[in-house]
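>>> what would the 3D arrangement of this be:
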Amino acid sequence: MKIRRIILRIFFFLLGVAVMGPLGRLSAQDAVTDALRQLSSDNVRGYVQPIIDGFGANLNSGLYHSPHLSEGGFHARLEITGSGMLITGRERYYFATPPEPFDRTPVRTATVLGGTGTTVTGPGGLEYQFQNGQIRADLFGLGTPQLTVGNLFGTEAILRFAVVPSVRDFPGSSLVGYGARHSVSQYIPGLPFEATVGAFWQTLKIGDVIGVSARNVSLMVGTSVSLFTVYGGVQHESTVIDVNYTYTGYGSTPDSKVSLHYSTDNVLRWTTGFGLNLIGVNLYTDIGVGNVTVVTGTVGVGF
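Numbering: from 1, shown residues only. From the prediction side, this is the model:
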């Protein structure tokens with residue numbers, strides 16, 4: 001089937017992008033690291049909060065698609081999920097406090113996803129410019145490979161794993177995730193749709209500066225007609241990020257260590273999507289709406 005061959009080529013192309021894609025982001029991440037080292041602990045959270053939300057939203061996307069777990073035997077799928085947080089105006093700025101001896105009144109300036117940092121003037125005409133944004137895009141994206149295996153007593157397991165080594169001066173990164181979902185429908189005969197519950201945990205490490213931990217629990221419903229699947233659900237998710245670096249900005253000392261622990265603003269997300277199920281090839285796309293909006297596309301091969 002010509003269409004199937006085309007889809008398989010797209011799948012393996014996306015597999016390379018998902019596994020090697022972080023290398024393309026490492027140069028941006030290295031610039032982000034340099035910018036972070038110029039920030040005091042007063043301002044670093046506002047600067048990086050948009051990517052905290054972005055990492056959390058993207059990591060918690062693309063995990064659940066077809067709701068059919070109450071019937072059928074063994075199945076295994078290798079999938080590539082690409083997700084992206086839509087960047088709006090509010091992700092591009094925050095209010096930062098200038099360092100001493102400048103006036104300590106907060107000023108509006110760029111986040112890591114914004115434009116040019118604001119310049120303030122102090123005593124004697126002394127100037128200080130806040131850090132510029134380092135990621136210029138309308139979508140903050142992430143690609144992840146995952147393996148789904150089931151069905152045992154209406155339960156399937158999901159695994160995510162990727163390691164990218166350091167390249168020259170760029171730090172390495174690694175992703176590990178695992179979880180499962182279970183059929184609720186098997187306990188309710190005659191239910192006109194399929195329903196599942198799930199839970200998932202993930203960790204993402206970028207060099208020795210940024211560590212992200214994400215988890216979620218979900219309730220999903222859906223149904224299939226012929227080749228098409230329609231699904232939706234609600235998800236409760238949380239993400240924490242640890243940032244550790246040596247401050248080298250204005251007024252720093254050799255011992256200016258910064259160690260911070262933040263949580264994402266995301267709590268509840270509502271998701272709706274649809275899929276196309278061909279012989280051995282599955283395509284899914286959905287949109288999730290919460291504190292931020294995330295669009296997701298998944299290509300999978302398996303049986």
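>>> can you pull the poorly scored residue ranges out of this structure?
Within the chain, the set of residues satisfying pLDDT under 70 comprises 1-33, 40, 70-72, 164-172, 249-255, 265-266.
>>> quick test: name the residue nearest the centre of it.
In the chain, the C-alpha closest to the average C-alpha coordinate belongs to N58, at a distance of 2.3 Å (Cα atoms, centre = their mean).
>>> what about the strands in the stretch 101-250 of the chain?
Secondary structure of the stretch 101-250 of the chain, counting by DSSP state E, counting those that start in this stretch: strands at 107-110, 119-121, 127-129, 139-150, 155-164, 173-183, 194-206, 210-225, 228-246.
>>> report the distance from the second one to the chain centre.
This means strand 119-121. Centroid displacement of strand 119-121 relative to its chain, using Cα atoms, centre = their mean, to the nearest Å, is 34 Å.
>>> contacts for that strand?
By Cβ atoms under 8 Å, 6 or more residues apart in numbering, the residues outside strand 119-121 that reach it are P98, F102, D103, V107, E127, Y128, Q129, F130. Placement of C-beta: from N, CA and C, glycine included.
>>> wait, doesn't the third one sit right on G122?
Same thing as D103. Yes. At 7.1 Å, D103 counts as touching G122 under the criterion of Cβ atoms under 8 Å.
>>> hey, C-alpha coordinates of stretch 151-165 in PDB?
Output in PDB follows, covering the C-alpha atoms of stretch 151-165 (Å, rounded to 0.1, in the frame of the first residue of the first chain):
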ATOM      1  CA  ASN A 151      -3.000  -5.800  27.100                       C
ATOM      2  CA  LEU A 152      -2.900  -7.700  30.400                       C
ATOM      3  CA  PHE A 153      -6.200  -7.800  32.300                       C
ATOM      4  CA  GLY A 154      -7.200  -4.500  30.600                       C
ATOM      5  CA  THR A 155      -3.900  -2.800  31.400                       C
ATOM      6  CA  GLU A 156      -1.000  -1.500  29.200                       C
ATOM      7  CA  ALA A 157       2.400  -0.100  30.100                       C
ATOM      8  CA  ILE A 158       4.100   2.900  28.500                       C
ATOM      9  CA  LEU A 159       7.800   3.600  28.400                       C
ATOM     10  CA  ARG A 160       9.700   6.700  27.300                       C
ATOM     11  CA  PHE A 161      13.500   6.700  27.100                       C
ATOM     12  CA  ALA A 162      16.100   8.800  25.300                       C
ATOM     13  CA  VAL A 163      19.700   9.700  25.800                       C
ATOM     14  CA  VAL A 164      21.700  12.400  23.900                       C
ATOM     15  CA  PRO A 165      25.400  12.600  24.600                       C
END
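>>> show the end-to-end separation of stretch 188-199, please.
Stretch 188-199 has an end-to-end distance of 21 Å (Cα to Cα, to the nearest Å).
>>> could you do stretch 57-66 as well?
20 Å.
>>> rewinding a little: out of the contacts of strand 119-121, what pair is the most spread apart?
Taking Cβ to Cβ, the two most distant members of the contacts of strand 119-121 are D103 and Q129; they sit 14.9 Å apart.
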